[in-house]
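> any chance you could fold what I've pasted below:
(one chain, ligands or ions: 2)
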Amino acid sequence: MKALVVTGKGEVPSVADVVLPPVGPGDVRVRVRAAGVCHSDLSMVNGTLAPSYPLVLGHEAAGMVTEVGAGARVSVGDEVVLNWAPPCRECWHCVQGEPWLCADGGRPSAPRGHLVSGEATHVTLGLGALAEEVVVPSHAVVPVPAGLPADVSALLGCAVLTAAGAVNRTAEVRPGQSVVVIGLGGVGLAALIAARAAGADPVIGVDLGKAKRDLALAAGATDFVVSDDTMPKAVRALTGGRGADHAIECVGRSATISAAWRATRRGGQVTVVGMGARDDLVSLSALDIFHSARTLRSSVYGSSDPDRDLPALATAVAAGSLHLEPLITDRIPLEAAPDAFARMSRGEGARSVVLF
Ligand code: APR
Ligand code: ZN
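Ligands and ions are numbered 1, 2, ... in the order given. Sure, this is the predicted structure:
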């Protein structure tokens, strides 16, 4: 089957033939119908993260189950969204009701499948979903109601679960609260959509260039502010001089985390969704931490339980209460995925979704 593979740090990804392993006990084979290009995939390519190579990219996808191993918990024909952090349900965090912090998650994955040359391939976040097919443990797929467009379903698996969870579960945004979202890629735009759906007002989008303004407004932002040194001041001007009740940081850089901190009010909350680099240190004044009484939190996979929350999001989309169309700016074949990585590096557009 064809898959998007990167052979080393900084290399340009390309389409390659990959042989998947057979479906073992508890595994399923999924024919991927749509897969999004997420910044975490770019981080696998550009060295922000340090995965093993060669690596099949992709972790945000939807498809249909075509084969099940013994004991798999889904059936052939099920429409599913892939889950890149399947909880074990047994570790301390899972038992505490924090499955997004499952001790099993985030481990480097063993190679899965091989190139036609015979070389073993690794798969991004246990999935490798920018591919015609995946073979994964059945707890890494979540059945969703049939009939949703595959491109929209795909986004549920990363950008939307992450962003909607950050807004509703981590930040617990309430109607009437002010929210500023910094970084308007697929994740940030999904956070704007979720903040509006939660009744927040104003909802302020922040990104580097004015080019993101129209996307922000289409996603429900009431205001757009360019990301520069004056951004916190502009946000205070839009929020009664105080600063926002909530900042949702969707870039993953120390500079934008600091800016998010300064853009929130005394007693406000910064929720960090962006995944940054290990050596990018955030510096905050000890006095300001005390005096501002702000909270700094991170939101891993939206503090969500995908088994519970993915079907709920799919139902909201089907019912028309969650409009995700503004997130998709490019629908492309697999061969065009390398261009989507280049666009993302330049900060252009929202999500590119590969349709198979
Ligand atoms: N200020 C404001 N916006 C910025 C800045 C900055 N200093 N630097 C980059 N951005 C914007 C980019 O212009 C782009 O619009 O952040 C956005 C990032 O979007 P994508 O690259 O599409 O990333 P996305 O997939 O949305 O992921 C965002 O969340 O899950 C994590 O690993 C992921 O850290 C990444 C973040
Ligand atoms: Zn992702």
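> so Gly157 versus ligand 2, what's the distance?
Distance, Gly157 to ligand 2, by CB to the ion, to the nearest Å: 8 Å. To be clear about C-beta, it is placed using only N, CA and C from the backbone, and glycine gets the same treatment.
> phi and psi next, for that residue.
Main-chain dihedrals, Gly157, degrees, to the nearest 10: phi -70, psi -20.
> my guess is it contacts Ala62, does it?
Yes - using CB atoms under 8 Å, Gly157 is in contact with Ala62, at 6.7 Å.
> tell me where the stretch 251-356 of the chain has strands.
264-272, 295-298, 328-332, 351-355 (DSSP state E, counting those that start in this stretch).
> switch those over to JSON lines; also include mean neighbour count and mean pLDDT.
Below are these laid out as JSON lines (neighbours: other CB atoms under 10 Å; pLDDT from 0 to 100):
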{"stretch": "strand 264-272", "mean neighbour count": "21", "mean pLDDT": "98"}
{"stretch": "strand 295-298", "mean neighbour count": "14", "mean pLDDT": "98"}
{"stretch": "strand 328-332", "mean neighbour count": "16", "mean pLDDT": "96"}
{"stretch": "strand 351-355", "mean neighbour count": "24", "mean pLDDT": "97"}
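> His246 should be in a helix, yeah?
No - under DSSP: H, G, I helix; E, B strand; the rest coil, His246 falls outside any helix and is assigned strand.
> ok, now which ones touch Asp151?
34, 36, 328, 331, 353, 355 (CB atoms under 8 Å, 6 or more residues apart in numbering).
> return the member of these nearest to Leu313.
Gly36 (14.4 Å; CB to CB).
> break the protein into its domains for me.
Per the record, the chain has its domains at 2-158+304-355, 171-298, by the TED database.
> any chance of those domains in CSV, with distance to ligand 1 too?
Converted to CSV, the domains of the chain look like this (distance: least, CB to the nearest ligand atom, whole Å):
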stretch, distance to ligand 1
domain 2-158+304-355, 3
domain 171-298, 2
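> and of the ones you listed, who's closest to Gly165?
Proximity to Gly165, assessed across the domains of the chain by CB to CB, is greatest for domain 2-158+304-355 (3.8 Å).
> between the two ends of that closest one, how far is it?
Counting by CA to CA, to the nearest Å, you get 13 Å between the two ends of domain 2-158+304-355.
> ok, now which ones touch the closest residue to Gln269 other than its chain neighbours?
Of all residues not flanking Gln269 in the chain, Thr295 sits nearest, at 4.4 Å (CB to CB, 6 or more residues apart in numbering). By CB under 8 Å, 6+ apart, Thr295 lies in contact with 268-270.
> closest to Gly205 among those residues?
Out of the contacts of Thr295, the member with the shortest distance to Gly205 (by CB to CB) is Val270, at 16.1 Å.
> for ligand 2, find the nearest of the strands of the stretch 251-356 of the chain.
Ranking those by proximity to ligand 2 (CB to the ion) places strand 351-355 first, at 10.1 Å.
> how far away is Val19 from ligand 2?
Val19 is 25 Å from ligand 2, by CB to the ion.
> that residue touches Gly118, doesn't it?
No - using CB under 8 Å, Val19 is not in contact with Gly118; the gap is 9.2 Å.
> and those two? Which one has more around it.
More neighbours surround Val19 than the other of Val19 and Gly118, with 11 against 7 (other CB atoms under 10 Å).
> what residues does the stretch 101-250 of the chain have near ligand 2?
Cys158 (CB under 5 Å from the ion).
> how about the secondary structure of the closest residue to ligand 2 within the stretch 101-250 of the chain?
Proximity of the stretch 101-250 of the chain to ligand 2 (CB to the ion) peaks at Cys158, 3.4 Å away. Classification of Cys158 using three-state DSSP returns helix.
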